[in-house]
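**Q** got a structure for you, letters missing:
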C-alpha cells in the first residue's frame, strides 16, 4: 500500500478520521438545534466527501458555482441551493438544470435580479425557487432588515411563483475570536433573517425557508427557532483560520500538504521546501489573527505541529521555512536534511484544496484512497 | 459565434493578439542577445500557448513540475528543463521520463541532492543531466558565487556523468521598478552564473550550459556573452506586477477575468461582482508596488481600464468593487447595473490562470477558441 514515503510531493493529504469527527460534530450540533444541515460543498468539491456528509445526516447541499450543482446533480443530489446572487447570464442554465429534474434554488438581493428571473420564468413557463439574501452583519451582500426593498423583491418573485424564503451568511463571524462574540453573532444572524421572514409574511407573502449559516455561527448558535436550515462549509476539514477564531484546534484540521525539503540557506536559517504558494494557495487569512501562520503551520510528517518553524515566504513552487524566532541554528541542515518530509496545515482549506485535483486520503502513514476533486466554473 | 455576452461568468479571457505581440517581443530580444529562448511554461500550462512560443522561435521549454514535463513531452517536446531543485522522491520519475526518451534536465544546489542523484544514476545505469543552481541575488535558492560547495556538487555530478552546467533566476528583479536597476540586475544575474561556470571549468569540470532568466531581467539585459539560454515565463501574458515593474503596460496584458455585476450596497459605494478570490486568486502582488491594484485592475468589457474603480476586497465567489477614492456616487447602480460585464486584469498571471481549466481566446468581442490548461502536480 502507498504511504507518505512512496509518493511525490507536494500532495494534498486528507485525514479521514479527523474529517469524520468534524462531520459528526456539526451534524450533532445542527440536529440538537432542530434544523436541517445543508453543507456548503464548495470546500471539498469532491463526491466522496459529500457522500460522507449525507450519510451522517445532511439533508441536502449548498453550492458556490453551477459547476458544483452540475457535478453533484450528476451524482444524484437533487435539492441544491446555489448561494451566490444569480448573475443574469446564469438564469438560463439554472432553469435548464431545473428542467432536467434538479431541484435548484437560487438567491438574489435586488429588484433588478428578481425582475430578470421573473421575465425568464415567464418566457420559459417555469418557476425558479429563489431566496432573498439578507445582510445580517454588513460584511457583503444582501438586504438589510427593515429596508423596504425586501418587499419589492418579494412581490416580484412571488408574482413569478418563485419566492421560496430568505437566507443569510454571517461572514463577519470570521473576524471574531471569543465564544461570547460568536454566540452574539449567531443570534444576530438568526434575528436578521427572522425579521425579514416576519416582514414578508406580514405582507402576505410566503416564506417557507429560513436559511442561516457559517461554520463559526453554526457551531456557536444556542437556539435557532424559526430557522429551517443551517449552512456551513469549512467545518468538514477545518483550518488555521477556524482555529484562530476558536471553533476548532489544530488537532482537528483534516487537510495538510505533504512537502519535501529540497534545499537550505544555512546562513539565513532557511529551509527550502517544494510547497510554494501554488501548493498552499496565496491565502494569508491568519495574517490578521493573533497567531500569524504565514503560508501554513509546519508540522512533522506524523502531523505533530512544529511551532518553532514557520513558512514566512513562498514563491510559486518554493516555500521558505525558517525559525519563527529568527534564529539560525547551527544544526539546521542536520535536523531537516534534504528529503525530510513535512506536513503544512492550510490557512484556508477552501483555497488550498482548490490548488489540487485530488485528495490523498490518509490513515496514519498509509494512503488508503485517492478522491478526485474539481475546480472552476 | 460565441461572444463575451453569450457565456457565463467568471471566465478567463486570453487576448490572442496581445499574447502574440508579447511572444514576438521576447523572442526578438533573446535572438538579438544571441541566446536560445527556453520559455517557462508554468505560466500557461497550455499546449496551444507553448506551440505559439515554439513556432515563434523558442528552442525548448522550462517547467516547474514533472506534471508539466509529462504533459508537454506527450505533445512532442523533448528538451525540457525542470527548474525546481529535485526532491529525492522525484528522482525515479525523472529517470523514468528520460528512459522514455524525454531529454529532461534537472537542477540541484546541494551536495546531498547531487549525491542522491549519483546514487540513483549508478543503480539505474543511467545519467541525469543536472544544472547547479546559482544564487545571483539572495532571494531564494542556489549556491553563492565563490562558495566552495559549488565544486563539491560539480565533482559529485560529474562522477555520475550528470553535470550539464549552471543556471540562475534573479527573482529579486520583481522588487525593482526602474530600467537602470533592472539592467544592473540582469548584469548581476549574468555575472554570477558566468563566475560559477568559470570556476567549474577552472577545476577541470564541464559546463556546457549556462542558463539565466526572469521576465524583467530578460527584457533588460544588454549583453549575455557566455550565456547559452534565457528562461522567462510570465511575459507570454504579462500582468499588473510586470506593469508595476515597468516592463510592460496595462495595454500589453493578455489575460483578464470576465465578471458580472450581481449586486450593490449603494450606501457603501460597493458593486458586487461574481469574480472573487477563487476567480482572481489570492495574489496581492501589487500591494507593495507604487500602484496597489487590489485583487486586479477593473476594466470595461472592451478592455479599457476604469482606474476610478478598484476591487479592494474579495470573498470566495464575490468581488467587492468600489471607487478608489472612497466616494459613493449617487448613480452607482445606474452606471453599473446588475448584469454589467467587467474585465479584471490579474496581479499575477500564473496565479490567476491556475484557477481555471481553460482559456477563452478572444479577438475583440468574439470568442474564437477555447484552450485547455491543466494544474496540479
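**A** Done, it's in. Computed from a predicted model, the values in this text were never measured in an experiment.
**Q** just the strands in the stretch 1-150 of chain A please.
**A** Secondary structure of the stretch 1-150 of chain A (DSSP state E, counting those that start in this stretch): strands located at A:11-15, A:36-39, A:61-63, A:79-82, A:103-108, A:130-134.
**Q** winner for burial among those strands?
**A** When the strands of the stretch 1-150 of chain A are scored by mean count of other Cβ atoms under 10 Å in any protein chain shown, the highest mean neighbour count falls to strand A:130-134 (a mean of 28). From N, CA and C alone the C-beta is placed, and that goes for glycine too.
**Q** Any figure for the gap between the residue nearest to residue A:218 when sequence neighbours are not counted and chain B?
**A** Distances taken as Cβ to Cβ, 6 or more residues apart in numbering or on different chains put residue A:232 closest to residue A:218, at 4.3 Å, once the chain neighbours are dropped. The gap separating residue A:232 from chain B is 14 Å, by Cβ to the nearest Cβ, to the nearest Å.
**Q** just checking, residue A:232 touches residue A:215?
**A** Yes. Using Cβ atoms under 8 Å as the test, residue A:232 is close enough to residue A:215 to be in contact (4.5 Å).
**Q** Show me the one of the strands of the stretch 1-150 of chain A that comes nearest chain B.
**A** strand A:11-15 (7.2 Å; Cβ to the nearest Cβ).
**Q** anything in contact with each of residue A:232 and residue A:215?
**A** residue A:26 (Cβ atoms under 8 Å, 6 or more residues apart in numbering or on different chains).
**Q** Got the confidence number for residue A:18?
**A** pLDDT recorded at residue A:18 is 98.
**Q** now do residue A:1
**A** 77.
**Q** who's in contact with the nearest residue to it once chain neighbours are set aside?
**A** In this structure, residue A:1 finds its nearest non-sequential neighbour in residue A:366, 5.5 Å apart by Cβ to Cβ, 6+ apart. By Cβ under 8 Å, 6+ apart, residue A:366 lies in contact with A:1, A:2, A:3.
**Q** Now neighbour count and distance to residue A:332 too, for those, in TSV please.
**A** What follows is these, written out as TSV (neighbours: other Cβ atoms under 10 Å in any protein chain shown; distance: Cβ to Cβ, whole Å):
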residue	neighbour count	distance to residue A:332
A:1	8	33
A:2	13	30
A:3	12	27
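**Q** For stretch A:225-242, buried residues please.
**A** For stretch A:225-242, a neighbour-count test (16 or more other Cβ atoms under 10 Å in any protein chain shown) marks A:227-242 as buried.
**Q** quick check, nearest of those residues to chain B?
**A** residue A:233 (9.1 Å).
**Q** which ones are touching residue A:103?
**A** With Cβ under 8 Å, 6+ apart, residue A:103 has these contacts: A:78, A:79, A:80, A:129.
**Q** again, only this time at 7 Å
**A** By Cβ atoms under 7 Å, 6 or more residues apart in numbering or on different chains, residue A:103 lies in contact with A:78, A:79, A:80.
**Q** if I look at the nearest residue to residue A:199 once chain neighbours are set aside, how far off is chain B?
**A** Nearest residue to residue A:199 in three dimensions, chain neighbours excluded: residue A:150, at 5.9 Å (Cβ to Cβ, 6+ apart). In this view, residue A:150 and chain B are 14 Å apart by Cβ to the nearest Cβ.
**Q** what sits against residue A:150?
**A** Listed by Cβ under 7 Å, 6+ apart, the contact set of residue A:150 reads A:132, A:143, A:196, A:199, A:200.
**Q** does residue A:165 sit in a helix, a strand or a coil?
**A** In three-state terms, and counting by DSSP: H, G, I helix; E, B strand; the rest coil, residue A:165 is strand.
**Q** One more: residue A:261?
**A** Under three-state DSSP, residue A:261 comes out as strand.
**Q** Report how many residues lie close to it.
**A** By other Cβ atoms under 10 Å in any protein chain shown, the residues close to residue A:261 number 26.
**Q** Now it. Nearest residue, chain neighbours left out?
**A** residue A:340 (4.2 Å).
**Q** what's the answer for residue A:338, then?
**A** Residue A:338 sits nearest to residue B:112 (Cβ to Cβ, 6+ apart), 4.0 Å away.
**Q** So the one you found is in contact with residue A:336, correct?
**A** No. Here residue B:112 does not reach residue A:336: they are 11.3 Å apart, not a contact under Cβ atoms under 7 Å.
**Q** want to try JSON lines for the strands of the stretch 1-150 of chain A, with mean pLDDT as columns?
**A** Shown next, in JSON lines, are those (pLDDT from 0 to 100):
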{"stretch": "strand A:11-15", "mean pLDDT": "98"}
{"stretch": "strand A:36-39", "mean pLDDT": "98"}
{"stretch": "strand A:61-63", "mean pLDDT": "98"}
{"stretch": "strand A:79-82", "mean pLDDT": "98"}
{"stretch": "strand A:103-108", "mean pLDDT": "98"}
{"stretch": "strand A:130-134", "mean pLDDT": "98"}
